[in-house]
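**Student:** sequence and computational prediction follow.
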Amino acid sequence: QVQLVESGGGLVRPGQSLRLSCAASGFTLDTYPVAWFRQAPGKEREGVACNNNNADTYYADSVKGRFTFSRDNVKNSVYLQMNSLKPEDTAVYYCATLPQRASCPSSLYDYYGQGTQVTVSS
């Protein structure tokens, strides 16, 4: 059974950091392009980062220089390090696989988890 489970969200103040984790089961994550996207209430889904099987990573302009995507193939997991958080980063964050033949940047999300809430507020 294919499953992605996100964790690591929380409530932080502006300027603080969070590290989101996404653990995969039922398949090998490093054979897929993987993305992080977010969705805030009343807003469109927004791609945050997208990684081509450990090669290039693409970031949304709104997070470039603050967010960093990484993988741990041993743990079959991906991560999103989020620094200098801003109130506008508040959203539910999801990790998602893309079809194996897809390439980043892309929003052709195939599987994704239940999401983890990130709230940035003073």
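**Tutor:** Received the coordinates, thanks.
**Student:** please count neighbours and contacts with C-alpha atoms only from this point.
**Tutor:** Noted.
**Student:** tell me the gap between stretch 85-92 and the middle of its chain.
**Tutor:** Its chain's average C-alpha position is 13 Å from that of stretch 85-92, according to C-alpha atoms, centre = their mean, to the nearest Å.
**Student:** can you start the count at 34 instead of 1 from here on
**Tutor:** With 34 as the first residue, the last one maps to stretch 118-125.
**Student:** state the mean pLDDT of it.
**Tutor:** On average, the pLDDT along stretch 118-125 is 98.
**Student:** using PDB, write out every CA atom in that stretch.
**Tutor:** Output of stretch 118-125 as PDB, limited to C-alpha atoms (Å, rounded to 0.1, in the frame of the first residue of the first chain):
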ATOM      1  CA  LEU A 118       9.300  31.700   8.300                       C
ATOM      2  CA  LYS A 119       6.700  34.400   7.500                       C
ATOM      3  CA  PRO A 120       3.000  34.600   8.300                       C
ATOM      4  CA  GLU A 121       2.300  34.100   4.600                       C
ATOM      5  CA  ASP A 122       3.900  30.700   4.900                       C
ATOM      6  CA  THR A 123       0.900  29.500   7.000                       C
ATOM      7  CA  ALA A 124      -0.700  26.600   5.200                       C
ATOM      8  CA  VAL A 125      -1.100  22.800   5.300                       C
END
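**Student:** buried ones in it, by neighbour count?
**Tutor:** Leu118, Lys119, Asp122, Thr123, Ala124, Val125 (16 or more other C-alpha atoms under 10 Å).
**Student:** strand partners of the helix or strand where Gln150 lies, parallel vs antiparallel please.
**Tutor:** Per DSSP states H and E: Gln150 is located in strand 149-153. The strands beside strand 149-153 in its sheet (DSSP bridges) come out as strand 43-45 (parallel), strand 124-130 (antiparallel).
**Student:** Pro47 versus Gly59, what's the distance?
**Tutor:** Using C-alpha to C-alpha, to the nearest Å, Gly59 is found at 36 Å from Pro47.
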